[in-house]
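Participant: Any chance you can model this:
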Amino acid sequence: MLENEKELINQIADDDEVAFEVVFYYYYPKVRVFLADLLKDCAAAEDVAQEVFARIWLMRNTLPEIRSFGSYLYTMTRNSALFHIKKSRLSVTMDDLDLVEEEVIESRLTAEEKERRIKEIVGNMPERRRLVFILSREEGKSNEEIAEILGIKKKTVENLMNAALKEIRRILSMMIFFI
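Facilitator: Numbering: from 1, shown residues only. The predicted structure follows:
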């Protein structure tokens, strides 16, 4: 994160091109590399990255309303990648993009670092979601066993586990985005 990012974002909203350049030169390489990993095409990654920053400039008057520019930029970049993939192929799903993001995470994080970060993410989850994840992944319990232990339905266990995995993927992807 840039040291004076919030101030720069406000300056961009006030049409300050120099502030935009500072933000652009800081984030553009990160966005381009992230997109190249997702799209597997350097030329397309450059095009999409430029589109992301062009859209930021065009929507600059809304920037002060954003709480976290990094999260906003990540989401915009991810959505732009999905749109590019949809435009290029006949069909793509969010699962396809999740798989690609998982590959990027695997290639960028060591197993030890990934495990440490997952434990950190799990530690911040709501209690039931955290319990379901721990019982499943760390204790090897089946969904039926977890449902019985927690006194909930098997479908609830499945939903909580899916939410946990989705949260882990999303947060790891965001972390990778800023490495």
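Participant: Just give me the neighbour total for Glu158.
Facilitator: Residue crowding around Glu158 was assessed by other Cβ atoms under 10 Å; the count is 14. From N, CA and C alone the C-beta is placed, and that goes for glycine too.
Participant: make that Leu165, sorry
Facilitator: Taking other Cβ under 10 Å as the neighbour definition, Leu165 ends up with a count of 15.
Participant: I figured Ala81 hits Leu35, correct?
Facilitator: Yes. Under the criterion of Cβ atoms under 8 Å, Ala81 is in contact with Leu35, at a separation of 5.8 Å.
Participant: Mutual contacts of those two, please.
Facilitator: A shared contact of Ala81 and Leu35, defined by Cβ atoms under 8 Å, 6 or more residues apart in numbering, is any residue touching both; here these are Val48.
Participant: got any ranges where the protein has weak pLDDT?
Facilitator: Within the chain, the set of residues satisfying pLDDT under 70 comprises 1, 89-111, 175-179.
Participant: which residue ranges form the strands in it?
Facilitator: Counting by DSSP state E, the chain forms no strands at all.
Participant: From Ala163, how far out is the residue of the chain positioned farthest from its centre?
Facilitator: Going by Cα atoms, centre = their mean, the residue of the chain most distant from its centre is Glu148, 33.2 Å out. Relative to Ala163, Glu148 is positioned 20 Å away (criterion: Cβ to Cβ, to the nearest Å).
Participant: For Leu150, give me its contacts.
Facilitator: Applying Cβ under 8 Å, 6+ apart, we find Leu150 in contact with Arg128, Leu131, Val132, Leu135, Val157.
Participant: Helices of the chain, start to end?
Facilitator: The residue ranges that make up the helices of the chain, judged by DSSP state H, are 5-13, 17-39, 42-58, 69-88, 94-108, 111-123, 127-133, 143-150, 154-177.
Participant: and the longest one, which residues are buried?
Facilitator: Within helix 154-177, the residues that qualify as buried by neighbour count (16 or more other Cβ atoms under 10 Å) are 157, 160-161, 163-164, 167-170, 172-177.
Participant: wait, which of the residues you listed is closest to Ile12?
Facilitator: Using Cβ to Cβ, Phe177 is the member of the buried residues of helix 154-177 that lies nearest Ile12, at 19.8 Å.
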